[in-house]
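J.: Next come a sequence and a model predicted from it.
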Amino acid sequence: MQTTAPKSTTKYLIIELNQSLACFTNKLAKKLVSQGAEVQRWCFNMDPDEACQSNEIVQLLQNSLTESGEPTVLIAHGISSVIAYQLTAAHPDHVKALVLLSADASKHSTWQDQYHKIRKMLPCSRKNILTHLSHLLTGHNCPHFLAATTKLLEKSVDSEFCLSSIGDSESAAPYTKAKRPILVVNGDNDFIIDRNSKNRWSHLLKDGDRYLSIKGGRHFHQHTHAEQLADEIMNFTEMLSSEKKLDECISSLSRLRN
């Protein structure tokens, strides 16, 4: 009787700095699992009475990845992509590949930063601003959906990590090139990440890296276009596996010739 080796399972780690908004990633996680992936989440709980800088969160994430003992594919959305990219650039050995959703090469292109800018400029209530942002970020018009999303955004602003505030923003050094494969996926109707983002990423993406624009996608396209996004992520990581096998074959042939 012939037996075949079990197919290796790609492992993904979804970085969740804003747990209030983690529900928008649930569909994507389920789609990846349905295609044979192993999906885990890394969540960050911020003490509202304690100041926190991004480098501290990077250190905590590094500690978790060190304990896992195996490079993994990191998936990060919005502000979480800042931490994921910094970790990958500083500690590439912990990362197999990096998938960035609704991410810009500018660290302060986040919905939280946009919210604080609007608060400074417009003399209206925070609820009105957050309700308006709910529509812009999701594209939904359903009053019940927008009301629920507004509450989630409000909770996130009040109690979760962000790089900006009404008063000031955390100073951020520009990104440097990361040594791991990168897939950047943005929505072409994203109010936060404009369509020129591809140009801003150009000097950071290497041969084999990909930039993808989701047609009709908004800021939370991982919720509205979960199936398409899951397919793109799986295709990207399978391509990496194929390239690795090819490199191994070439290396083996070179050793035989020698």
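T.: Sure, I can see it. Residues are numbered from 1 along each chain as shown.

J.: Pick out the residue nearest the middle of the chain.
T.: A76 (1.9 Å; Cα atoms, centre = their mean).

J.: quick one: contacts for that residue?
T.: I14, I15, I83, A84, Y85, L98, V99, L100, L101, A103 (Cβ atoms under 8 Å, 6 or more residues apart in numbering). Just so you know, the C-beta spots here come from the backbone N, C-alpha and C atoms, and that holds for glycine as well.

J.: The helix or strand where it lies pairs with which strands?
T.: Element membership for A76 (DSSP states H and E) is strand 72-77. Strand 72-77 has these partner strands in its sheet, going by DSSP bridges: strand 11-16 (parallel), strand 95-101 (parallel).

J.: got the buried residues for the one helix or strand H144 maps to?
T.: Using DSSP H and E, H144 sits in helix 143-159. In terms of neighbour count (16 or more other Cβ atoms under 10 Å), helix 143-159 has its buried residues at L146, T149, T150, L152, L153, E154, S156, V157.

J.: Okay, the fifth one and E227: tell me how far apart.
T.: So the one you mean is L153. For L153, the distance to E227 equals 25 Å [Cβ to Cβ, to the nearest Å].

J.: Surely I83 is in contact with Q62?
T.: No: counting by Cβ atoms under 8 Å, I83 stays clear of Q62, with 10.2 Å between them.

J.: the more surrounded of the two?
T.: More crowded of I83 and Q62, by other Cβ atoms under 10 Å: I83, with 23 against 15.

J.: phi, psi of the residue nearest to the more buried one when sequence neighbours are not counted?
T.: Leaving out its chain neighbours, the residue that sits closest to I83 by Cβ to Cβ, 6 or more residues apart in numbering is I57, at 5.2 Å. Note on I57: backbone dihedrals following degrees, to the nearest 10 are phi -70, psi -40.

J.: what's the neighbour count on I57?
T.: Applying other Cβ under 10 Å, we find 20 residues neighbouring I57.

J.: Pull the contacting residues for it.
T.: L17, F44, I83, F161.

J.: Least confident of those?
T.: Among these, F161 carries the weakest pLDDT, at 85.

J.: and that one, how many residues sit next to it?
T.: The tally of other residues near F161 (other Cβ under 10 Å) stands at 21.

J.: So it, which state does it fall into?
T.: When classified by DSSP: H, G, I helix; E, B strand; the rest coil, F161 comes out as coil.

J.: Surely it touches N45?
T.: No: taking contacts as Cβ under 8 Å, F161 lies outside contact range of N45: 9.5 Å.

J.: just for the stretch 1-150 of the chain, where's the confidence low?
T.: The stretch 1-150 of the chain contains residues with pLDDT under 70 at 1-8, 48-51, 107.

J.: now stretch 127-137, how far from the chain's geometric center?
T.: 22 Å (Cα atoms, centre = their mean, to the nearest Å).

J.: who's in contact with the closest residue to F44 other than its chain neighbours?
T.: Once flanking residues are discounted, F44 sits nearest to L17: 5.0 Å by Cβ to Cβ, 6+ apart. When contacts are counted by Cβ under 8 Å, 6+ apart, L17 touches F44, I57, I79, S80, I83, E160, F161.

J.: Fine, thanks again, bye for now.
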